[in-house]
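Prediction below, plus the sequence it came from.
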Amino acid sequence: MIVVTITKIKLTTPISDEDVRKLRIGQKVLLNGVIYTGRDAAHKKLVELLNNGQELPLDLHGQIIYYVGPSPAKPEQVIGSAGPTTSGRMDLYAPRLIALGLKGMVGKGKRSPEVIKAMKQHKAVYFAAVGGAAALISKCIKQCEVVAYPELGPEAIHRLEVENMPVIVVNDTLGGDLYAEGTKIYATS
Amino acid sequence: MGRITQAVAKLCKDANYYLGEDVIEAFNNAYEQELSLTGKEIIEQLIKNADIARAEDVPMCQDTGFAVVFVELGQDVHIVGGSLEDAINEGVRQGYTEGYLRKSIVGHPLERVNTGDNTPAVIHLKLVPGDQLKITVAPKGGGSENMSAIKMLKPAEGVDGVKKFVLDTVKEAGPNPCPPIIVGVGIGGTFEKAALLAKEALLRPVGVPSHKPEIAELEKELLKKVNNLGIGPQGLGGRITALAVHVNIYPAHIASLPVAVNINCHASRHKEVIL
């Protein structure tokens, strides 16, 4: 079932299983609080640490990772343009982090069956931000600092403080997939 | 030399900050036609995003792309003071650094260490009659480039085979290339020529049809079929999957029917200058 609503749900991190369970595909959400950035290079490093039995440089419990590699900030900016990158590149690593307690991911594009299964099993959701709306999204980011892997440049893990960042639920804890369902509604021959 | 560097640096910035009026107009039309409320809202956000980028001189997308540079060099032009390639790369280096654009290029495809200044550019050089030098910079994002495809069809598969390949490619891409997209199609030539035709098709202003009537017809039909896939803005379902389909063709070998599909996100960025 796709929920089409005009009203938007406000969600503040850290988020609980209960928060996540209520979300349904198609719902519009405004994210608030702290979220973390990460792309494939950072994910690879995190999973390597886990494989070696080492501790992660951040606590992912109840947290959200935003798949983004921002452009450099101008002197007067908190962050440069910061729209979502293609999530599929993180699919290989995401189930490990979801099993650790990661509750949400923000990106764009399809997730693998393994990630969708992990979300259902461990109660996590996947949100889409509008790909290409990078200058607009950057206005919702009020603070930004690097917390791990500064050597990765735009791919470093940043801690962001966001205010009413607009996202849409694409995969929920029931296994729903808005990409598949939405396309079905509007396809014609 | 200095003029070329300066021109390229400016084009890199301008292309990333200022979305073309052709795309804005296509967005306005798309907004009217889109049936999905979420789709409409997304198109509105993309228009707002382009306005912010233009007003504040910031990149419209954080992926400021691979600098793809098309050069049409008049055969009577003599470049002095160094190599054209160095001048272009210096322009990219300056434009991406001064312009606060993201550096997205790794120096080796397998070792993957960032070059730190977005060089080198991909340069396509064409020798033309005359005494002018025309430079077009078309920064290309990774998300949409990754969803592009090429296939060597059998001539017997004909136009139906071409249509099927274009639709299959767009369908497979789904939400990944940030729809609404612009679809560049190259038909004919050799393997590499078809890919270049598809990329060149993306340089045409959005929605301007081919000057060949039968190809303009094909573009119209493909656009309708692409939009009938229902993928919609950002792949969340809707009637506007593509803003345009542009097809470029070239003579082919008797044994071959190459087809390339180069997908561009809505940020159809390209700026040109004539020196």
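Right, received. Where do you want to start? Residues are numbered from 1 along each chain as shown, chains lettered A, B, ... in the order given.

mind showing which ranges of chain A have poor pLDDT?
Within chain A, the segments meeting pLDDT under 70 span A:1-6.

gap between the nearest residue to residue B:76 once chain neighbours are set aside and residue B:206?
Counting by Cβ to Cβ, 6 or more residues apart in numbering or on different chains, residue B:76 lies nearest to residue B:131, which is 4.1 Å off, once chain neighbours are set aside. Using the backbone N, CA and C atoms, a C-beta is placed for each residue, glycine as well. From residue B:131 across to residue B:206, the span is 31 Å (Cβ to Cβ, to the nearest Å).

okay, these two: which has more neighbours?
residue B:206 (21 against 9; other Cβ atoms under 10 Å in any protein chain shown).

Pretty sure the more buried one sits against residue B:267.
No. Counting by Cβ atoms under 8 Å, residue B:267 is not a contact partner of residue B:206; they are 11.2 Å apart.

what sits in contact with each of these two?
Residues within reach of residue B:206 and of residue B:267 at once, by Cβ atoms under 8 Å, 6 or more residues apart in numbering or on different chains, are residue B:23.

what about the one helix or strand residue B:183 maps to, near chain A?
Here residue B:183 sits within strand B:181-189, counting by DSSP states H and E. No. Using Cβ under 8 Å from any Cβ of the partner chain, strand B:181-189 stays clear of chain A, coming no nearer than 10.3 Å.

Which strands or helices does that strand pack on?
For strand B:181-189, the elements it packs on are helix B:158-173, helix B:191-201, helix B:213-227, strand B:242-252, strand B:257-264, judged by 3 or more Cβ pairs under 8 Å, 6 or more residues apart in numbering or on different chains; DSSP states H and E.

Partner strands of the shortest one and their direction?
In this case it means strand B:257-264. Pairing partners of strand B:257-264, with direction, according to DSSP bridges: strand B:149-153 (antiparallel), strand B:181-189 (antiparallel).

Just the buried residues of the first one, please?
Looking back up the chat, that one is strand B:149-153. Across strand B:149-153, burial judged by 16 or more other Cβ atoms under 10 Å in any protein chain shown covers B:149-151, B:153.

Residue B:179 sits in which helix or strand?
Assigned by DSSP H and E, residue B:179 belongs to no helix or strand.

circling back to that earlier point, want to throw the strands paired with strand B:257-264 into JSON lines with mean pLDDT?
Output for the strands paired with strand B:257-264, formatted as JSON lines (pLDDT from 0 to 100):
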{"stretch": "strand B:149-153", "mean pLDDT": "98"}
{"stretch": "strand B:181-189", "mean pLDDT": "98"}
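
Arrange those strands in a markdown table, one row each, with distance to residue B:55 as further columns.
Output for those, formatted as a markdown table (distance: least, Cβ to Cβ, whole Å):
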| stretch | distance to residue B:55 |
| --- | --- |
| strand B:149-153 | 37 |
| strand B:181-189 | 24 |
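
need the helices for chain A, in chain order.
Using DSSP state H, the helices assigned to chain A run over residues A:17-22, A:40-51, A:94-99, A:113-122, A:134-138, A:178-186.

Specify the stretch among these that is closest to residue B:44.
The closest of these to residue B:44 is helix A:134-138. By Cβ to Cβ, the value is 10.2 Å.

Tell me where the longest strand sits in chain A.
Ranked by number of residues, the top strand in chain A under DSSP state E is strand A:157-171.

residues of it that come out buried?
Within strand A:157-171, the residues scored as buried using 16+ other Cβ under 10 Å are A:157-162, A:165-171.

That strand vs helix A:40-51, what angle?
Angle, strand A:157-171 to helix A:40-51, by axes from the mean of the first three to the mean of the last three Cα atoms, to 10 degrees: 100 degrees.

distance between strand A:157-171 and the chain's centre?
Distance of strand A:157-171 from its chain centroid, counting by Cα atoms, centre = their mean, to the nearest Å, is 6 Å.

now the closest residue to chain B within chain A: how far from residue B:241?
Scanning chain A for the residue nearest chain B gives residue A:182, at 2.4 Å (criterion: Cβ to the nearest Cβ). Relative to residue B:241, residue A:182 is positioned 11 Å away (Cβ to Cβ).

what is in contact with those two at once?
Counting by Cβ under 8 Å, 6+ apart, the shared contacts of residue A:182 and residue B:241 are B:230, B:232.

re earlier: nearest to residue A:58, out of the strands paired with strand B:257-264?
The closest of the strands paired with strand B:257-264 to residue A:58 is strand B:181-189. By Cβ to Cβ, the value is 35.0 Å.

Distance from the chain centre to that closest one, please.
Counting by Cα atoms, centre = their mean, strand B:181-189 is centred 10 Å from the centre of its parent chain.

Between helix B:158-173 and it, find me the angle.
140 degrees.

Distance of the residue with the largest distance to the centre of chain B relative to chain A?
Most distant from the centre of chain B: residue B:81, at 31.2 Å, with distances by Cα atoms, centre = their mean. Between residue B:81 and chain A the computed distance is 30 Å (Cβ to the nearest Cβ, to the nearest Å).
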